Every structure is written in structure tokens, then in C-alpha cells.
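> Provided below are the primary sequence and the corresponding predicted coordinates.
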Amino acid sequence: MDRTLPLSALQHYLYCPRQCALIHVEKVWEENLYTAEGRLLHLRADAGAPGRRGGVVQDRAVPLRSDRLGLYGVADVVELRPGPDGRETPYPVEYKRGSPKVEDWDREQLCAQALCLEEMLGVEVPEGAIFYGKPRRRERVVFDAPLREAVQRHCRELHVMIERAATPDASPGKRCRGCSLAGACMPGASRRVEAYLQRGLDP
Amino acid sequence: MKKLLNTLYITSQGSYLSKDGECVVVRTEDGAKRRFPVHVLDGIVCFGNVLCSPFLLGHCGDKGLAVSFLTERGRYLAGVRGPQSGNVLLRRAQYRLADDEDGSSRLARSIIIGKAANSRAVLRRCLRDHGERVDRLAMDRALAVLDDCAGRLRRPVPLDEARGMEGQAANAYFSVFGNMILAEDQSFCFAGRNRRPPLDAVNCLLSFVYTLLAHDVRSALEAVGLDPQVGFLHRDRPGRPGLALDVMEEFRPFLADRLVLSLINRGEVRARGFVRKESGAVFMDDDTRKTVLTAWQKRKQDEALHPFLKERLPLGLAFHVQARLMARAVRGDLDGYPPFFWK
Ligand code: SF4
């Protein structure tokens, strides 16, 4: 892919393609409470040099890139754990503000990081973990074939959308409530402008 | 939804504005210092001889704050915007549409619909509230012209016709504007629009409030990435903010004009607050200017129902909403531009 996009674009795309286009095509950005909180959490995860935690070597704020996926970004934390063959295996850990989601967004995003690590280091990355702020716990994520395929498919779709520079229509739903771009998106706005104009002209 | 923030108006001559951390520091000539946190501001408007440090300007640019420089009397001189302002894709779409006769006339029609409907609403409101004190016949005649415009706007109109109707609507409206001035004070009489320079107190007030409106609309357009210079109803002319003038049209009657009327009718501005020059030009003094600025800031906090979004919002945010809706229309995300109808 001739264009590399930030990993966050994939995350936005998975949440809502329109949100992704508003941010990455139309360059709308509105910080609200949620994104500010998320940023703080990330700042905390990024702080500090590589260290050791319970015998595991940790590297923070690890730059990532994959030409196959056309993505670049930064992993919060990559741990080095002994793999099945005894060699050290990277183990990405992502920090999330909220609680675990039923949808696969977070797992796909983490898996994209794993695919970047595999391409960069030429090793297998079989699993990783997501640390959720609410409740404070780690969830193991196994990068199986269906998850890897989903990431690849969504990356392709993402690139097509950005290439065409078209913003998809809003499909209002539950996730709009937590969406930091609802103000710019106006998901509920009627699109029937002509009828509205006629009403404005009524005596 | 965006929050309504304050605009900082600097009118003290010789003030110096600088940056200190996340604050704007305003130092006046007498040495007094005041600080304002940047995050509570959405713009800074400097009147006359006011200096700003480049670091403050850069910081404002980063944070999306519009900084405008006006003469002491309110004529626009220059504006400073940050390196990120504008959106290439959106602007390209805007220029394509502006070059396209059909596209331009579609948007121009929406803009005049907004203006005509709101002018009509202002006259009607005045008839309702002060029917016994105004020249009913003249008001009815003006309303008839506006009703006729409204009727013709029900269908698409060619661009030239749209521009012609804008003039007609404005003439009819301003022909009875003086009627709505109910103050006893004879110095506030109005015999038609004049500007550059304004020749009476009413025109002086109108011009000044339009400048404030222009600053706010312009920065809202820039914030969504549109080019405020390239309009649809207003033809391109170097140095003229065509699109800002377009989007201002719907706001003039109910926001700007009614503010001027209420300042006069409630006696908040007085004849002695204006200075007449040899040339006949009329200007306001410092106190009057401050009164108008305060009233404008207050008016922006009044809430109204946005009839298209069906959401209550402070009028000051309506500029941003309209800018976004304009961006939507330009991009083809909406099948037209929905103006803000005031009821
Ligand atoms: S408001 Fe809803 S439709 Fe709009 S960008 Fe957000 S999630 Fe997507």
C-alpha cells in the first residue's frame, strides 16, 4: 500500500467509518472528556524507560510499522516473554480507559500491532493483552486466523475509503452517544433540506 | 457539541498582549496586567493600536483561536490564523462549487431564503409588539415585498435573479427599519443605509455590530476549514470575505439589527455617546463601544432552538453550526444549505 495511515485510523474505522473519515479525511477534531481521559492514560503508559516487571522485560511507546497493512503507530507497551521455542517473543499490551467491549474493536487493534511487530522483527507474535481501566484488569488476546483476517480486511477497506476521500453517511446508533465527534457529525440531522426550506418560506 | 467560549475584545490603546504558559497576558499602558486562560476563549479582537507577541499569535493558531485586528472604529485590517487552518479537500470542493453556476445559485437561494424569512420575522415581531406605534401601512408594504420574494424563492432561481432579489429584500426591509426605532430621542433617526463612513448614529451602530458578526462568522468558517473569501451569493472581489458575507445574511436581521434596535429603544446608548466629524461621519465614543461589545457578548449567550437540528443552543454557537452545515452542503453531504430560521 502506497500510503501509511496511523494505527488510530484503524481504531476509528472499526468504531465508526464515518468518524474515521471525519477525522482522517475532513480533519475534524474535537476533544471531549473521553479522548482527554484516554490521552492521560496513554501518557502514563508512555512514561518511563524500558524496565522489568515481575521478571518480564517491558518496553514502552514502541514505534510500529507495517507496509503490508499500510499502518504505522506506537504500541503502549511491548513485553518480551519466553516463547514456546524458548526464544524471547514480543507480547503487546494496550491500555484502554473503558471496560471490555463485546465487539472486536480493541482486539483487532491489538492484533494490528502484533502484525506490525511480526513484519518488523520477523518473528511470530501469537498473543498479547489489553489492560482495561474499568475494571482494572488484563484480558488475554490470542491472535488467531479469523482475527488476523479481519484486521487485513478492515485495513483494505480503510485504505479504500481514505483514497476516495469520501465520508460515508451517518448510521445513527448506540455508539453515537459515546462519540466525541457527534457535534460535527450531526448524526440525527435530517437530510431533507428542501422540505425545511419550504417550511421556512411558509407565511 | 462545542462549548460557547468568550471572545476577548481589546479596546485600550497601547495594550500589549503576550503569552505566559496557557494564558493571555494583557498589559495596558498604565502598567495594569490581566490574565485570561486560553481555554476559555475562542477568539481575540484587537481594536486600534494593540500589539500581540508572535508567540501568543502562534499559540492561538495552534488552539484554533481567531485573532483579528480592526481599526479603532471597527474596520477590518488583518487576521492571524494558525498553520493548520483550512482543509484542502473541502476548499477544493468549495471552489468547484463556486465556479459552477448551478451549484452557486442553489446555495445563494438558500442564503436569501434565510435572510428574507428572518427579515420578515423581525418586521412581524415588531408589528405584533408595537403595532400601534409604527407606520402600519409602510410595514405592510415592506412585508408584501418580502412575501413576494418568499413566494418566488419556492423554486430554484438563476444566480443573477437571486442576487437581484437580495437587493430588493434589503431595500424593502431598510425602508421601514427607521419605523422600528421607538426612542423619543430624535438623534436616532434612520433614512437608509450608509457606510464608510456612517453618517448617523444608527448606521454607525449597524456597521459596528456587523463587524462583530463578521469576525465571528469568519472564524467559524475557518474553524471548519472553509475559505471565508469565496462566496456563492457574494461575488469574489479581492479582500472581500464573500462566504462570510453569505453566511452573515441570515443573522443580520435577528441578531445584529435587533441588537441595535434594543440598544436604542431601551436607552442603553445615547446621542451624546456619538461624535460627529467635520466630514459628517459619525463615530461612537469609548463608552458606547464598550456598551455595544458587552451587549453583543450577552446576546450570544441567549439560547434558541435550532430548527434544523432541533437542538437548543446559545446563539453564539449557531455560527459554528451554520459553518458546519455549510461545509456539509459544499461537500454534498447535505442536499442543500439549511439556514437558521428565527421565529
Ligand atoms: S456520531 Fe455516530 S455516526 Fe457520527 S461519527 Fe460518531 S459514531 Fe459515527
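Nice, thanks for sending it over.
> all helices of chain A, in order?
Counting by DSSP state H, chain A forms helices over residues A:7-15, A:17-24, A:33-46, A:105-121, A:145-164, A:182-185, A:193-201, given from the N-terminal end onward.
> run the chain-centre distance for the helix or strand bottoming out on mean pLDDT in chain B.
Scoring the helices and strands of chain B by mean pLDDT, DSSP states H and E places strand B:274-276 at the bottom, with a mean of 79. Its chain's C-alpha centre lies 23 Å from the corresponding centre of strand B:274-276 when counted by CA atoms, centre = their mean, to the nearest Å.
> show me where pLDDT drops low in the chain?
You didn't pick a chain, so chain A it is. For chain A, applying pLDDT under 70 flags the ranges A:1-2, A:27-55, A:83-84, A:102, A:189-190.
> right idea, wrong chain: chain B
Per-residue confidence of chain B (counting by pLDDT under 70) places the weak regions at B:1-4, B:83-86, B:185, B:239.
> just the buried positions in the least confident helix or strand of chain B, please.
Buried residues in strand B:274-276, defined by neighbour count with 16 or more other CB atoms under 10 Å in any protein chain shown: residue B:274. From N, CA and C alone the C-beta is placed, and that goes for glycine too.
> and chain A, which residues reach the ligand?
Residues of chain A found near the ligand (CB under 6 Å from any ligand atom) are A:16, A:18-19, A:22, A:170-172, A:175-176, A:179, A:181-182, A:185, A:187.
> can I get those residues in a markdown table including distance to chain B?
As requested, these are arranged in a markdown table below (distance: CB to the nearest CB, whole Å):
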| residue | distance to chain B |
| --- | --- |
| A:16 | 15 |
| A:18 | 10 |
| A:19 | 14 |
| A:22 | 10 |
| A:170 | 9 |
| A:171 | 14 |
| A:172 | 13 |
| A:175 | 17 |
| A:176 | 13 |
| A:179 | 12 |
| A:181 | 11 |
| A:182 | 8 |
| A:185 | 9 |
| A:187 | 11 |
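> show me what residue B:9 is bridged to.
For residue B:9, the beta-bridge assignment (DSSP bridges) gives partners residue B:45.
> so how many other residues sit close to it?
By other CB atoms under 10 Å in any protein chain shown, the residues close to residue B:9 number 20.
> how about residue B:55?
Here the neighbour count serves as a burial measure; for residue B:55 (other CB under 10 Å) it reads 11.
> the one 4 residues further on now?
For residue B:59, the number of neighbouring residues by other CB under 10 Å comes to 18.
> wait, it touches residue B:37, no?
No - with contacts defined as CB atoms under 8 Å, residue B:59 does not count as touching residue B:37, sitting 11.8 Å away.
> and the residues of chain A next to the ligand as TSV, adding neighbour count and distance to residue A:140?
Below are these laid out as TSV (neighbours: other CB atoms under 10 Å in any protein chain shown; distance: CB to CB, whole Å):
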residue	neighbour count	distance to residue A:140
A:16	21	27
A:18	24	32
A:19	26	28
A:22	22	33
A:170	20	35
A:171	11	32
A:172	14	34
A:175	16	25
A:176	17	31
A:179	22	28
A:181	22	31
A:182	19	33
A:185	24	34
A:187	18	35
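> need those in CSV (columns: distance to residue B:285).
Compiled in CSV, the residues of chain A next to the ligand are given as follows (distance: CB to CB, whole Å):
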residue, distance to residue B:285
A:16, 54
A:18, 52
A:19, 51
A:22, 47
A:170, 51
A:171, 56
A:172, 52
A:175, 55
A:176, 51
A:179, 49
A:181, 46
A:182, 45
A:185, 46
A:187, 49
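> in what helix or strand does the nearest residue to residue B:195 once chain neighbours are set aside lie?
Beyond its immediate neighbours in the sequence, the residue positioned closest to residue B:195 (CB to CB, 6 or more residues apart in numbering or on different chains) is residue B:207, lying 5.1 Å away. Using DSSP states H and E, the secondary-structure element containing residue B:207 is helix B:201-224.
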